[in-house]
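Enquirer: kindly return the folded structure for what I paste below:
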Amino acid sequence: MSTISKTSPDLLKERLEQLKKLFPDLFTNEGQLNEEELKALVAQFTILQTERYEFRWAGKAHSKKLAFTPSKATLVPDEKRSVDFNNTENLIIEGDNLEVLKLLQKSYFNKIKMIYVDPPYNIDGDRVYSDDFSENKKAYWEKGNVIKDGVKLDTNTEANGRYHSGWLNMINSRLLLARGLLKDSGVIFISIDDVEDSNLRKLMDEIFGEDNFVAQFIHKNNSTKNQAKLVSISTEYVFCYAKDLEVLKNEEWRIKKKGAKDIAKLFNELKDKGVSLDEIETEIKQMYSRPKYTHLSRWNKIDDYGVFKDSDLSREGGPKDYTINNPNTGKPCIIPTRGWGKSYEELLKLQEKNLIWYGDESTPPGMKDYITKDDYAVPDSFFYFDNSVDTRMVKDMFGALVFENPKPLEMIKQIITMSTQEGDIVLDFFAGSGTTGHAVIELNRDGEGKRKYIQVQLPESTDENSIAYKLGFKTVSQICIERTKRAGDKVKKENEKIDTGFKVFKLTYSHFPENLFTPDPDKSEEENVAAFNKYLQKVDQQVMFDFEDDKLLYEIALKDGFNLNFKIETLSEFDKNKVVKINDDVKEALVCLDQVIADTTVELLQQYKEKRFICLKRAVDTTKKWNLQQLFEKNLWVA
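Expert: So this is what the prediction gives:
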């Protein structure tokens with residue numbers, strides 16, 4: 001029988017297995033990595049030198065080790081705080097993002113199209129995750145006095161001897177795991193300011209590779225911070241890296257020209273009503289006087305087919321030995337000073353399609369670039385979004401300012417639009433107030449594709465003196481859930497077909513007792529093994545059941561590689577046991593988690609012998625084990 005893993009994937013073990021496939025000669029006959037052989041291989045390709053460029057800091061090795069250490073935790077559904085749990089494909093996960101990223105590795109490996117994160121910036125006094133590597137008494141994500149199921153957040157000050165190292169250790173392990181979740185065509189965006197931007201750039205180069213750097217976007221806003229005594233700082237940065245830039249180059253990056261749909265719609269409505277072109281032009285110019293549409297004012301010409309701007313038909317060093325005739329005058333068009341940017345044949349084709357604008361006789365012609373409701377443009381590396389707009393929006397949503405300095409909604413929408421398409425998954429594991437989920441909901445409302453989101457937020461305590469706390473929001477994750485719900489409720493009134501729901505999951509202890517044992521670091525390995533065996537005898541290998549919410553089922557499915565949106569169907573023909581079929585459109589299995597499997601159940605399972613069957617190891621005696629093995633062969637799995 002094959003056994004379902006009780007933990008998240010052992011990423012270090014998987015790396016070694018991949019290395020063994022490529023270079024079996026680097027391993028001993030017992031399958032252990034031969035360090036001397038590995039050093040000899042590396043020496044063949046490396047010129048040994050005493051000085052070399054490398055990025056090092058205190059604790060780097062430990063943070064990497066922590067990233068590849070399997071998680072013994074699990075995720076359990078919280079249907080009471082979810083919205084439309086059985087139908088939605090969106091997820092909000094409450095818990096430490098390091099453990100959550102580990103638990104998502106098997107189910108979502110190479111499936112996320114875009115990641116956006118806004119981590120702590122390590123501003124003096126900022127609170128950062130305190131990852132403890134020892135796990136001597138409790139799982140590190142359960143330590144501290146924040147809340148139950150929380151994680152300790154330490155205040156990091158410049159007086160700390162490892163001020164930058166502490167922040168790097170926190171972000172390093174999480175980015176290592178995040179990379180594995182991205183598709184080959186995937187991208188990650190990460191916001192930062194000028195306290196850690198240089199360190200983050202070096203770290204991203206190391207994890208994602210310098211060759212996969214896409215851009216350093218500048219985010220300009222109206223707020224000022226940190227160094228305001230000397231220089232007024234009103235900019236932040238967004239680093240963008242590809243999983244594989246060569247793969248990404250084959251995809252079209254684009255952003256919608258904000259407001260283009262409104263302009264095109266107004267033109268069509270007025271044209272259908274028989275309004276003259278002069279009157280339409282007046283109406284369009286009035287729209288351009290509003291801040292929302294100012295950036296579109298270059299589209300200032302109108303004909304019977306729509307609103308357009310004059311695009312250049314020239315290029316430096318272009319040919320000047322031909323021209324076309326202006327059909328309005330019958331005379332040859334002025335040749336551009338720089339030369340034509342199109343061949344003669346291309347000019348004739350554009351002329352035939354009425355896509356050339358002629359102007360007066362002293363002006364070279366241009367190409368008509370019409371604005372449409374689906375107009376797109378290549379994204380710019382400069383974001384100008386005022387955070388204060390979103391601060392007011394959050395205040396309006398809640399009736400009070402429950403979250404300060406949320407990320408600009410329109411900026412996140414622009415990032416999502418340029419990097420994702422229909423059906424893609426967007427991940428944010430520093431979700432904060434829930435801006436990313438809000439952005440996905442509004443984009444889906446606007447017909448931008450049925451994207452899905454996964455938001456992860458720590459149940460970090462709000463300050464007892466804060467407005468949020470006084471309004472009942474004891475944690476940041478509660479604010480994230482409530483904002484996403486309110487954003488969805490608003491969109492649902494406009495379009496009931498949009499998926500505005502979300503499943504809430506909580507990070508918690510495993511249901512398997514072997515995952516609850518913690519070795520004593522003061523004892524030897526032999527002593528801990530003996531203590532572990534004694535512990536198992538004490539609990540009699542019992543599994544802590546909770547059938548009401550199917551929590552054990554979700555743990556088994558997640559660690560078996562099912563995504564968290566799998567469907568559950570109870571099979572009615574089984575009357576002695578509860579047997580369910582689970583599937584997520586990729587995997588399918590029959591599962592029975594009863595402590596004893598009846599003989600009649602084994603007989604009824606004959607019709608499903610081609611399926612995978614998962615049951616508890618202790619639920620089958622020797623005879624049933626034999627019968628089930630004969631029936632399912634390699635498709636029999638136990639937990």
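Enquirer: from Asn250, how far out is the residue nearest to the spatial centre of the chain?
Expert: Nearest to the geometric centre of the chain sits Leu427, at 1.7 Å (Cα atoms, centre = their mean). Computed with Cβ to Cβ, to the nearest Å, the distance linking Leu427 and Asn250 is 22 Å. Glycine gets a C-beta too; all of them are placed from N, C-alpha and C.
Enquirer: who's the residue nearest to the centre of the chain bridged to?
Expert: Counting by DSSP bridges, Leu427 is bridged to Ile115, Ile454.
Enquirer: I'd like the average pLDDT over stretch 39-58.
Expert: In this model, stretch 39-58 carries a mean pLDDT of 71.
Enquirer: domains of this structure?
Expert: 2-45, 60-254+378-508, 260-377, 533-638 (automatic domain parsing).
Enquirer: below-threshold pLDDT in the stretch 51-200 of the chain: ranges please.
Expert: Applying pLDDT under 70 to the stretch 51-200 of the chain flags the ranges 51-52, 124-162.
Enquirer: that one: strands as residue ranges?
Expert: 74-77, 91-94, 112-117, 126-129, 153-156, 182-192 (DSSP state E, counting those that start in this stretch).
Enquirer: in JSON lines: those, plus distance to Leu266.
Expert: As requested, the strands of the stretch 51-200 of the chain are arranged in JSON lines below (distance: least, Cβ to Cβ, whole Å):
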{"stretch": "strand 74-77", "distance to Leu266": "46"}
{"stretch": "strand 91-94", "distance to Leu266": "38"}
{"stretch": "strand 112-117", "distance to Leu266": "32"}
{"stretch": "strand 126-129", "distance to Leu266": "47"}
{"stretch": "strand 153-156", "distance to Leu266": "50"}
{"stretch": "strand 182-192", "distance to Leu266": "33"}
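Enquirer: most tightly surrounded among those?
Expert: The highest mean neighbour count among the strands of the stretch 51-200 of the chain, using mean count of other Cβ atoms under 10 Å, belongs to strand 91-94: a mean of 26.
Enquirer: now for that strand, which elements pack on it?
Expert: Judged by 3 or more Cβ pairs under 8 Å, 6 or more residues apart in numbering; DSSP states H and E, the packing partners of strand 91-94 are strand 452-457, helix 476-494, strand 503-508.
Enquirer: and after the first one, which helix or strand comes next?
Expert: Read it as strand 452-457. Counting by DSSP states H and E, the next helix or strand C-terminal to strand 452-457 is helix 467-470.
Enquirer: could I have that next one exported to CSV, CA atoms only?
Expert: Extracted in CSV, the C-alpha atoms of helix 467-470 (Å, rounded to 0.1, in the frame of the first residue of the first chain):
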residue,chain,number,x,y,z
ILE,A,467,-10.1,52.3,15.5
ALA,A,468,-10.1,48.8,14.0
TYR,A,469,-9.9,47.1,17.4
LYS,A,470,-12.7,49.2,18.8
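Enquirer: list the buried residues for it?
Expert: Ile467, Ala468 (16 or more other Cβ atoms under 10 Å).
Enquirer: centre of the chain versus that helix, how much separation?
Expert: Mean-position distance between helix 467-470 and its chain equals 29 Å (Cα atoms, centre = their mean, to the nearest Å).
Enquirer: and the contacts of it?
Expert: Around helix 467-470, the neighbours that count as contacts under Cβ atoms under 8 Å, 6 or more residues apart in numbering are Ala400, Leu401, Val402, Phe403, Thr462, Asp463, Ile479.
Enquirer: likewise for stretch 600-609?
Expert: Counting by Cβ under 8 Å, 6+ apart, residues outside stretch 600-609 touching it are 573-577, 579, 590, 592, 613, 624, 627-628, 631-632, 635.
Enquirer: for Glu281, state which of these is nearest.
Expert: Leu590 (66.9 Å; Cβ to Cβ).
Enquirer: doesn't Ile597 make contact with that closest one?
Expert: No. Using Cβ atoms under 8 Å, Leu590 is not in contact with Ile597, being 11.7 Å away.
Enquirer: neighbour count winner among those two?
Expert: Between Leu590 and Ile597, counted using other Cβ atoms under 10 Å, Ile597 has the larger neighbour count: 23 against 20.
Enquirer: quick one: which helix or strand includes the closest residue to Asp594 other than its chain neighbours?
Expert: Leaving aside its sequence neighbours, Asp594 sits nearest to Asn577 (Cβ to Cβ, 6 or more residues apart in numbering; 4.7 Å). In the assignment (DSSP H and E), Asn577 maps to no helix and no strand.
Enquirer: low-scoring stretches of the stretch 501-639 of the chain, by residue?
Expert: For the stretch 501-639 of the chain (pLDDT under 70), the answer is 539-549.
Enquirer: all strands for it, in order.
Expert: Using DSSP E, counting those that start in this stretch, the strands of the stretch 501-639 of the chain run over 503-508, 567-570, 579-583, 588-592, 613-615, 636-638.
Enquirer: now the fourth one: how far from the chain's centre is it?
Expert: Looking back up the chat, that one is strand 588-592. On Cα atoms, centre = their mean, the centre of strand 588-592 falls 29 Å from the chain's centre.
Enquirer: try the first one
Expert: Centroid separation for strand 503-508 versus its chain: 17 Å, with Cα atoms, centre = their mean.
Enquirer: per-residue confidence at the nearest residue to Thr294 once chain neighbours are set aside?
Expert: With Cβ to Cβ, 6+ apart as the criterion, Thr294 has its nearest non-adjacent residue at 6.3 Å, and that residue is Tyr288. At Tyr288, the model reports a pLDDT of 86.
Enquirer: ok, and the closest non-adjacent residue to Ile284?
Expert: Using Cβ to Cβ, 6+ apart, the nearest residue to Ile284 is Val307, at 6.1 Å.
Enquirer: how about the secondary structure of the one you found?
Expert: Assigned with DSSP: H, G, I helix; E, B strand; the rest coil, Val307 falls in the strand class.
Enquirer: wait, what's in contact with it?
Expert: Shown in contact with Val307 (Cβ under 8 Å, 6+ apart): Ile263, Ala264, Phe267, Ile284, Trp299, Lys301, Tyr370, Ile371.
Enquirer: name the nearest of those residues relative to Ser82.
Expert: Comparing the contacts of Val307 against Ser82 with Cβ to Cβ places Ala264 closest, at 38.3 Å.
Enquirer: how many neighbours does that closest one have?
Expert: That count, for Ala264 with other Cβ under 10 Å as the rule, works out to 19.
Enquirer: so Glu206 touches Phe55, yeah?
Expert: Yes. With contact defined as Cβ under 8 Å, Glu206 reaches Phe55; the gap is 5.9 Å.
Enquirer: out of these two, which sits in the busier spot?
Expert: Between Glu206 and Phe55, counted using other Cβ under 10 Å, Glu206 has the larger neighbour count: 15 against 11.
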